[in-house]
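S.K.: Give me coordinates for this.
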Amino acid sequence: MRKIKILVVDDHTVVREGICTLLGLSPEMEIVGEASNGMEALDMIRKYAPDVVLLDISMPIMDGLETTRRIRKEFPEVKILVLTQHDDKDFVFPIIEAGARGFINKTAAASELVAGIRSLYRGDSFLSPSAARFLVEDYQLEAAYRKGQDPYKQLTDREKEVFKLLAEGYSTKEIAEMLVISPKTVDGHKTRLMAKLGLHSRVEVVKYALRKGIIQV
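M.R.: From the prediction side, this is the model:
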């Protein structure tokens with residue numbers, strides 16, 4: 001049986017060695033090379049023609065996002081599985097749009113990593129549960145927009161006030177003082193409005209507010 005040829009790309013030597021040791025236990029997988037940045041990865045791909053590239057996002061010289069774009073352009077047959085500690089929309093969406101076929105958090109179990117490699121080798125995709133959730137939520141929001149069901153319209157007047165102040169950078173305590181309500185009440189509004197809008201962080205709140213024109217830079 002032909003082995004799956006794998007290139008491991010991560011700027012941390014200990015991480016690379018750990019991954020290589022782990023995958024070396026599988027008789028169906030072969031580590032053909034290691035690289036510490038995107039430039040090295042491209043050279044390794046030219047030399048060894050791996051089937052799957054395990055790729056970190058945060059690296060020096062050339063990061064994972066640019067490396068993904070270059071691999072997709074120069075070696076479209078190579079499958080890219082992102083293995084990273086970053087697990088939020090700001091990282092998931094750009095890397096998938098750039099051409100990665102899989103996304104796994106470094107905290108995942110070894111069995112999940114092996115399953116991801118197998119899936120990509122077969123021509124399928126593979127996403128960690130959190131990454132899959134982000135994509136589903138984003139699709140649902142887009143579907144709502146297409147149907148004219150703007151989630152922002154579901155907010156109460158008070159939730160819209162809290163949303164705008166959050167987007168402008170005010171803290172929970174400052175918002176409570178400005179609206180003459182308790183910090184606990186502010187937190188309650190924040191939790192509900194973010195759930196309605198499918199947002200998970202202050203950064204996402206700001207981006208959403210900018211897209212809607214609620215705030216301006």
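
S.K.: Give the buried residues for stretch 207-217.
M.R.: Buried residues in stretch 207-217, defined by neighbour count with 16 or more other C-beta atoms under 10 Å: 208-209, 214-215. The way it works is simple: take the backbone N, C-alpha and C, and place the C-beta from them, glycine included.

S.K.: Equivalent analysis for stretch 60-78, please.
M.R.: By neighbour count with 16+ other C-beta under 10 Å, stretch 60-78 contains the buried residues 62-65, 67-71, 75, 78.

S.K.: Send me the host helix or strand of Glu30 as PDB with only the CA atoms.
M.R.: With elements delineated by DSSP states H and E, Glu30 resides in strand 29-35, which encompasses its position. The C-alpha atoms that make up strand 29-35 are tabulated as PDB, following Å, rounded to 0.1, in the frame of the first residue of the first chain:
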ATOM      1  CA  MET A  29       2.100   7.600   6.700                       C
ATOM      2  CA  GLU A  30       5.600   8.800   5.800                       C
ATOM      3  CA  ILE A  31       7.200  12.100   6.900                       C
ATOM      4  CA  VAL A  32       9.100  13.300   3.800                       C
ATOM      5  CA  GLY A  33      10.300  16.600   5.300                       C
ATOM      6  CA  GLU A  34      10.200  19.300   7.900                       C
ATOM      7  CA  ALA A  35      10.200  23.100   7.400                       C
END
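
S.K.: show me where this structure has strands.
M.R.: For the chain, the strands defined by DSSP state E occupy 4-9, 29-35, 52-55, 79-84, 102-105, 126-127.

S.K.: what about stretch 48-66, how long is it end to end?
M.R.: With C-alpha to C-alpha, to the nearest Å as the measure, stretch 48-66 spans 20 Å from end to end.

S.K.: mean confidence score for it?
M.R.: Model confidence over stretch 48-66, given as mean pLDDT, is 92.

S.K.: Over to stretch 76-88?
M.R.: Model confidence over stretch 76-88, given as mean pLDDT, is 85.

S.K.: does Leu166 really touch Val205, like I thought?
M.R.: Yes. Because the distance of 5.2 Å satisfies C-beta atoms under 8 Å, Leu166 is recorded as touching Val205.
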